[in-house]
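*Asks:* Please work out how this folds:
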Amino acid sequence: MHTLPALTTRLRLMLATALASLCLLVPAVCTESAQAARGMEIALQDDEAFVNMGYYKDRERALRTARSLGVTRIRILVNWVYTLPPEQRKVKSKPASPTYVFNNIDAAIDAAARYGIRVHLALAGPAPAWATSNKRIGPRNPNTSAYAEWVGAAANHFKGRVDRYSIWNEPSWFTWIAPLRSAPRIYRNLFIKGYRAIKTRDRRAQVLIGETVPYRQPGRSIAPLAFLRSMTCVNKSYRRRRCPGLKADGFAHHPYDFLRSPKSARKGADNATIASLNNLTRGLDRLSRAGALRKAGGGRLPIYLTEHGYFSSGKRALRRSLRGRYLSQSFAIALKNRRVKSMLQYLLVSPPPGSDTRYFDIALMTAQNRKHPQFGALQSFFRKNRSKLKRPGAPIILPPAPN
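*Replies:* As a prediction, this is how the structure comes out:
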């Protein structure tokens with residue numbers, strides 16, 4: 001199957017020069033690109049298809065498919081422990097020189113760039129055994145200083161190649177940070193040190209805070225607004241206690257509500273599903289006015305909806321007609337909200353029956369390339385709203401990955 005070849009450094013420079021010349025000779029070309037860049041992103045995440053190539057081994061086809069859906073951004077979950085060699089993961093004392101390997105991420109970044117798609121890295125757990133309080137690989141009290149060292153190593157490695165990061169993933173969910181009652185405090189420290197580690201090495205990179213889940217489930221998750229208030233040290237009236245204010249480049253959030261219409265809000269002022277994004281924007285604005293969480297550089301904190309979708313199989317799967325309709329409505333709601341800069345469909349390809357991840361099948365198509373209703377709905381949304389969205393462009397010229 002034909003694939004786009006890797007670009008040499010000399011060819012990258014030649015292409016960059018040619019593009020600059022074209023902008024001078026034909027300004028309309030670059031004007032159209034600039035206009036497209038101002039719209040909301042359609043984003044996609046599927047680490048098996050784009051990074052690991054596990055049950056779907058054709059990354060080039062996956063990227064062509066993503067581009068046909070209007071995707072301009074891919075999110076990749078980078079798990080701290082799995083960037084270490086196996087012998088450094090389970091040891092109970094920190095290795096003298098932790099060795100981090102990012103080869104598979106580099107390959108995905110280069111492949112996406114050939115299709116005009118940029119990458120967002122979520123730098124998350126689980127933590128290695130030597131960086132947890134119970135000395136087991138997992139989410140228990142991750143060591144924030146060790147995390148910052150890893151984040152700094154990642155930012156050094158990806159500088160110039162990645163322009164957006166987020167700190168951790170779903171810190172308000174019990175399997176990502178434990179104990180759950182301490183998660184707001186732990187996450188605050190992870191964010192402070194992670195933000196500083198990235199900005200020290202690449203001040204132009206965006207660093208997002210949050211990656212929160214949409215609603216409270218007793219013993220399993222904290223409602224996003226309650227989590228935010230605790231993490232930023234404000235009370236229910238948004239009055240600050242003794243905590244320095246935080247700053248970020250944007251807020252990342254997962255507005256799932258699998259069994260409801262995206263127009264039907266879940267009860268609870270601290271919840272924020274796709275139907276109740278106004279709860280989130282109001283809360284963020286109150287935090288900003290209180291000086292507890294502000295946008296770096298000023299202004300209102302933008303929102304990045306970094307996971308969303310509807311089940312294609314299992315007990316939470318809706319009728320076929322509803323899945324596509326609900327996904328289309330969800331993206332329309334995001335597009336209408338001017339604070340939303342990116343909306344992400346989670347999973348392109350359904351995990352195969354019997355796999356460990358089959359329980360969370362909210363994909364757009366099967367590994368045999370049979371399309372679920374959501375696929376056509378998203379493609380139709382992109383085609384109808386092209387003028388309001390970022391659009392895939394020319395290959396992106398990146399510096400080569402470090403050796």
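*Asks:* Tell me where the chain has strands.
*Replies:* Along the chain, counting by DSSP state E, strands occupy 41-45, 71-79, 118-124, 164-167, 206-212, 246-248, 250-253, 293-295, 303-305, 340-346.
*Asks:* Serialize those to JSON lines and add fields for mean neighbour count.
*Replies:* All C-beta spots, glycine's among them, are computed from the backbone N, C-alpha and C. Conversion of the strands of the chain to JSON lines gives the following (neighbours: other C-beta atoms under 10 Å):
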{"stretch": "strand 41-45", "mean neighbour count": "25"}
{"stretch": "strand 71-79", "mean neighbour count": "22"}
{"stretch": "strand 118-124", "mean neighbour count": "23"}
{"stretch": "strand 164-167", "mean neighbour count": "24"}
{"stretch": "strand 206-212", "mean neighbour count": "26"}
{"stretch": "strand 246-248", "mean neighbour count": "19"}
{"stretch": "strand 250-253", "mean neighbour count": "26"}
{"stretch": "strand 293-295", "mean neighbour count": "20"}
{"stretch": "strand 303-305", "mean neighbour count": "27"}
{"stretch": "strand 340-346", "mean neighbour count": "23"}
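*Asks:* Just confirm Val78 contacts Leu123, I think it does.
*Replies:* Yes. Using C-beta atoms under 8 Å, Val78 is in contact with Leu123, at 5.4 Å.
*Asks:* and Pro98, what does it touch?
*Replies:* Leu84, Gln88, Glu149, Trp150 (C-beta atoms under 8 Å, 6 or more residues apart in numbering).
*Asks:* how many other residues sit next to the second one?
*Replies:* Using other C-beta atoms under 10 Å, Gln88 is surrounded by 18 other residues.
*Asks:* roughly how far apart are it and Ile137?
*Replies:* 11 Å (C-beta to C-beta, to the nearest Å).
*Asks:* Now for those two: what residues contact both?
*Replies:* Common neighbours of Gln88 and Ile137 (C-beta under 8 Å, 6+ apart) are Pro128.
*Asks:* Do you have the helices of this protein handy? List them.
*Replies:* Using DSSP state H, the helices found in the chain span residues 9-25, 27-37, 47, 59-68, 103-114, 144-158, 183-201, 224-231, 277-289, 320-336, 373-384.
*Asks:* now the strands of the chain as JSON lines including distance to Gln374?
*Replies:* Formatted as JSON lines, those follow (distance: least, C-beta to C-beta, whole Å):
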{"stretch": "strand 41-45", "distance to Gln374": "12"}
{"stretch": "strand 71-79", "distance to Gln374": "14"}
{"stretch": "strand 118-124", "distance to Gln374": "21"}
{"stretch": "strand 164-167", "distance to Gln374": "24"}
{"stretch": "strand 206-212", "distance to Gln374": "22"}
{"stretch": "strand 246-248", "distance to Gln374": "30"}
{"stretch": "strand 250-253", "distance to Gln374": "20"}
{"stretch": "strand 293-295", "distance to Gln374": "32"}
{"stretch": "strand 303-305", "distance to Gln374": "16"}
{"stretch": "strand 340-346", "distance to Gln374": "8"}
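*Asks:* Throw these into a markdown table and include distance to Leu280 and mean pLDDT, thanks.
*Replies:* A markdown table is the format used below for those (distance: least, C-beta to C-beta, whole Å; pLDDT from 0 to 100):
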| stretch | distance to Leu280 | mean pLDDT |
| --- | --- | --- |
| strand 41-45 | 18 | 98 |
| strand 71-79 | 19 | 98 |
| strand 118-124 | 18 | 98 |
| strand 164-167 | 16 | 98 |
| strand 206-212 | 9 | 98 |
| strand 246-248 | 14 | 98 |
| strand 250-253 | 6 | 98 |
| strand 293-295 | 12 | 98 |
| strand 303-305 | 7 | 98 |
| strand 340-346 | 10 | 98 |
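*Asks:* where do the contact lists of Val78 and Leu123 overlap?
*Replies:* Joint contacts of Val78 and Leu123 (C-beta under 8 Å, 6+ apart) are Ala154.
*Asks:* To Phe191, which of the strands of the chain lies closest?
*Replies:* Ranking the strands of the chain by distance to Phe191, with C-beta to C-beta as the measure, places strand 164-167 first at 4.7 Å.
*Asks:* Within the sheet, what are the partner strands of that closest one, with directions?
*Replies:* Using DSSP bridges, strand 164-167 pairs in its sheet with strand 118-124 (parallel), strand 206-212 (parallel).
*Asks:* Give me the contact list for the first one.
*Replies:* Strand 118-124 has contacts (C-beta under 8 Å, 6+ apart) with 43, 72-80, 105, 108-109, 112, 150-151, 154, 158, 161-169, 176, 194, 211, 252, 304, 306, 396.
*Asks:* Appreciated, that's everything.
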